[in-house]
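# okay, sequence plus prediction incoming.
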Amino acid sequence: MRSLIFALSLAALGASAVSGAALAASMGVPLDQAVIVTLSAPAHDVVVGNPAIADVTVSDQRHLVVTGKSGGVTNLVVNDAAGRTIFNRQIVVGSSSGDRVEMIQGPQITSYACAPTCQQVGASQGLSAGAGGGGGGGAGSPVAPAGNTGGGVQASPGTP
């Protein structure tokens, strides 16, 4: 029934609704990395739903640089000088590929960036109360993740 209502709604709105729906697709951005977006027309207004998740820099009128700041979901809307939406996407910021690992030893979490060797990134963090501690993954029991060729180790609470 829902699909019938959706189909009728699209038919009533015409082709412009279909092209608008296509623009609303999501775009993945790795955490602490940048993605360049090329626009179909010059940008006039650039709006980020939650700047704590993603940051956008205007490189020139047709290019934006989207940087993932923290994990989460936000959106990016770009309008031209006439107020028409030329870009409307959901931005999903998540952890990057296998170039990062975390070592969990008891309550301490230490993050490493590995390319080609691993180096500690930032200060070690402590686990909050109740955020793990599922028996295992404690001090002295790191577990290497499957397919990790970066030389780092990752342990997680509750890993046997």
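Sure, I can see it.

# in the longest strand along the chain, what's buried?
As assigned by DSSP state E, the longest strand anywhere in the chain is strand 85-94. Across strand 85-94, burial judged by 16 or more other CB atoms under 10 Å covers 86-89, 91-93. C-beta coordinates here come from the backbone N, C-alpha and C atoms, glycine included.

# direction included, what does it pair up with?
Its sheet considered, strand 85-94 pairs with strand 26-30 (parallel), strand 72-79 (antiparallel) by DSSP bridges.

# and for the longest one, what are the contacting residues?
The contact list for strand 72-79, computed with CB atoms under 8 Å, 6 or more residues apart in numbering, reads 26-27, 37, 39, 43-50, 52-54, 56, 64, 66, 85-93.

# for the nearest residue to Pro42 once chain neighbours are set aside, give me phi and psi.
With sequence-adjacent residues excluded and distances taken as CB to CB, 6 or more residues apart in numbering, Pro42 is closest to Gln61, at 3.8 Å. As for Gln61, its main-chain torsions (degrees, to the nearest 10) stand at phi -60, psi -20.

# what sits against Gln61?
By CB under 8 Å, 6+ apart, Gln61 lies in contact with 39, 42-43.

# ok, the buried residues of strand 85-94 vs Gly122, which is closest?
Checking the buried residues of strand 85-94 against Gly122 by CB to CB gives Val93 as the nearest, at 17.4 Å.

# bridged to that closest one, which residues?
Under the criterion used (DSSP bridges), Val93 bridges to Val29, Gly72.

# low-confidence stretches in this structure?
Scanning the chain for pLDDT under 70 picks out 1-24, 96-98, 126-160.

# can you list the domains in it?
22-94, 97-160 (automatic domain parsing).

# and the buried residues of strand 85-94, which two are the farthest apart?
Largest separation among these by CB to CB: Ile86 and Val93, giving 22.0 Å.

# who touches Ile86 in this structure?
Here Ile86 is in contact with 39-41, 43, 78-80 (criterion: CB under 8 Å, 6+ apart).

# ok, now Leu39?
61-64, 78, 86-87.

# ok, now Met27?
Met27 neighbours (CB under 8 Å, 6+ apart): 35, 37, 66, 76, 89-92.

# take these and lay them out in CSV including distance to Gln108.
Listed next are these as CSV, based on distance: CB to CB, whole Å:
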residue, distance to Gln108
Val35, 32
Val37, 38
Val66, 32
Leu76, 36
Arg89, 37
Gln90, 35
Ile91, 31
Val92, 29
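
# okay then, goodbye and thanks.
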